[in-house]
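Make a model of this:
(one chain, ligands or ions: 2)
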Amino acid sequence: MAVYTDVAADELADFLKQYDLGELLSYKGIAEGVENTNFLLHTSQGSFILTLYEKRVAKNDLPFFLALMAHLAEHGVNCPLPVKGRDGEALRELSGRPAAIITFLEGMWPRKPTVAHCAGVGEGLAKMHLAGANFGIKRPNALSVSGWRPLFDAASNRADEVQPGLRAFLAAELDHLSSGIWPTDLPEGVIHADLFNDNVFFLGDKLSGIIDFTFACNDMLAYDVAICLNAWCFEPDHSFNVTKAQAFLNAYGRVRKLSEAEEAALPLLARGAAIRFLLTRLVDWLNVPPGALVKPKDPLEYFRKLRFHQSVGSVRDYGLMPSGLVA
Ligand SMILES: Nc1ncnc2c1ncn2[C@@H]1O[C@H](COP(=O)(O)OP(=O)(O)O)[C@@H](O)[C@H]1O
Ligand SMILES: N[C@@H](CCOP(=O)(O)O)C(=O)O
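Ligands and ions are numbered 1, 2, ... in the order given. Here you go, the predicted model:
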């Protein structure tokens, strides 16, 4: 559950007076997500999501997220739209937190992703990359290589409580990834940066929408691909499913072809993506705020994924024929 900040009914009813959303009929904290506080609102006008932005979100970044959703929706991506109040503003404050209401998206996120879901997310991710191409606002990725060291520093003293030897493992991997090998010349654009299965809705096998843009930023498009390889192409026993990876990468490539340089960089980018989620999960695991309704995610899932990527020789191990060799 992620409800870090409670909102009283009368406070919410007052807040809603700033919108044309009718009368509040009911609301409840949402039992999913780990980053922000989310409530499902039912008003006489329909269903909406109220988000109170929490610790990892910088207030200055909120206009980027809200404008991005509006831009992507305008360019054919089915994603929530920020709801503006009567004053024309979508962003305001509630219970001491920055807060916004967004439209409710129909669909279910897949609890057990199939090969068809992986293909759907590959196509959806590539379409999102194309749709973001002419988005005017920039936001650097705060959780790329230079953002990993502070996370490590925040957790390293207690890392071995989670698994003996984890601190030394992370230190060595961070040294490797920050030794000047991280790519700097791959195609960049707007990336989602957190396109996990709980952020992609499907109706049956068909992708119906993408949510949660609070990590979206400008970075290498292939880094988003690497994040999805991690999030979608492993089984619950942590084994890599090459059939899912192949379906995901091929579907992505049918909409936006990866360059040879992007393909060659994928194993490295996948290592970076794995340590990024390992580190944020580790920090969260060791620092659950007292009283918060949240179930922290297992950092060791990403330790195992990272170990897998360390053993990868080329994109062939992800089921992709390097460009030029495809029939
Ligand atoms: N626009 C939306 N439409 C429908 N459900 C949503 C929407 N936004 C969020 N949710 C629900 O809230 C949950 C948590 O939202 P999410 O944005 O992932 O949280 P967080 O901000 O913590 O990352 C989602 O898994 C989904 O169930
Ligand atoms: N996807 C991240 C956690 C943040 O995402 P949320 O959408 O579940 O809040 C992870 O799995 O570590």
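
Give me the spatial nearest neighbour of Asp61, chain neighbours excluded.
Excluding its sequence neighbours, the residue lying closest to Asp61 (C-beta to C-beta, 6 or more residues apart in numbering) is Arg139, at 5.9 Å. Placement of C-beta: from N, CA and C, glycine included.

my read: that neighbour touches Leu62, true?
No: Arg139 lies out of contact with Leu62 (C-beta atoms under 8 Å); the separation is 10.4 Å.

Around ligand 1, which positions in the stretch 151-300 of the chain sit nearby?
Within the stretch 151-300 of the chain, the positions adjacent to ligand 1 are 198-199, 211-212, 214 by C-beta under 6 Å from any ligand atom.

Least confident of those?
Lowest in pLDDT among those is Thr214, which has 91.

which residues touch it?
By C-beta atoms under 8 Å, 6 or more residues apart in numbering, Thr214 lies in contact with 35-36, 53, 56-57, 65, 194.

The longest helix along the chain: what's the following helix or strand?
Assignment by DSSP state H gives helix 260-286 as the longest helix of the chain. Scanning forward in sequence from helix 260-286 by DSSP states H and E, the next helix or strand is helix 299-310.

Doesn't Glu123 lie inside a strand?
No: according to DSSP: H, G, I helix; E, B strand; the rest coil, Glu123 belongs to no strand; its state is helix.

Was I right to think it contacts Leu207?
Yes: counting by C-beta under 8 Å, Glu123 touches Leu207, with 7.2 Å between them.

more crowded one of the two?
Just comparing Glu123 and Leu207: by other C-beta atoms under 10 Å the higher neighbour count belongs to Leu207, 23 against 19.

ok, and the closest non-adjacent residue to that one?
Gly120 (4.1 Å).

For that neighbour, the count of nearby residues, please.
Other residues close to Gly120 by other C-beta under 10 Å number 24.

tell me the pLDDT at it?
Gly120 is given a pLDDT of 98.

Could you check which helix or strand contains it?
helix 115-131.

distance between that helix and the chain's centre?
Chain-centre distance of helix 115-131: 14 Å, with C-alpha atoms, centre = their mean, to the nearest Å.

all helices of this protein, in order?
Using DSSP H, helices in the chain cover 9-16, 62-74, 115-131, 145-162, 166-177, 221-232, 242-255, 260-286, 299-310.

interface residues of the protein facing ligand 2?
33-35, 194, 196, 198-199, 212, 277, 280-281, 297.

and these as JSON lines, adding neighbour count?
Formatted as JSON lines, the residues of the chain next to ligand 2 follow (neighbours: other C-beta atoms under 10 Å):
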{"residue": "Gly33", "neighbour count": "20"}
{"residue": "Val34", "neighbour count": "19"}
{"residue": "Glu35", "neighbour count": "20"}
{"residue": "Asp194", "neighbour count": "22"}
{"residue": "Phe196", "neighbour count": "18"}
{"residue": "Asp198", "neighbour count": "16"}
{"residue": "Asn199", "neighbour count": "21"}
{"residue": "Asp212", "neighbour count": "25"}
{"residue": "Phe277", "neighbour count": "21"}
{"residue": "Thr280", "neighbour count": "23"}
{"residue": "Arg281", "neighbour count": "22"}
{"residue": "Lys297", "neighbour count": "15"}
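
any chance of those residues in JSON lines, with distance to Asn230 too?
Shown next, in JSON lines, are those (distance: C-beta to C-beta, whole Å):
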{"residue": "Gly33", "distance to Asn230": "18"}
{"residue": "Val34", "distance to Asn230": "16"}
{"residue": "Glu35", "distance to Asn230": "17"}
{"residue": "Asp194", "distance to Asn230": "11"}
{"residue": "Phe196", "distance to Asn230": "9"}
{"residue": "Asp198", "distance to Asn230": "14"}
{"residue": "Asn199", "distance to Asn230": "13"}
{"residue": "Asp212", "distance to Asn230": "16"}
{"residue": "Phe277", "distance to Asn230": "7"}
{"residue": "Thr280", "distance to Asn230": "13"}
{"residue": "Arg281", "distance to Asn230": "12"}
{"residue": "Lys297", "distance to Asn230": "13"}
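
got the contact list for Met220?
Going by C-beta under 8 Å, 6+ apart, the list of residues near Met220 reads 183, 186-188, 191, 262, 265, 269.

Show me the beta-bridge partners of it.
Glu188 (DSSP bridges).

neighbours around the residue lying closest to Leu50 once chain neighbours are set aside, how many?
The spatially closest residue to Leu50, leaving aside those adjacent along the chain, is Phe39, at 4.4 Å (C-beta to C-beta, 6+ apart). By the measure other C-beta under 10 Å, the count of residues near Phe39 is 21.
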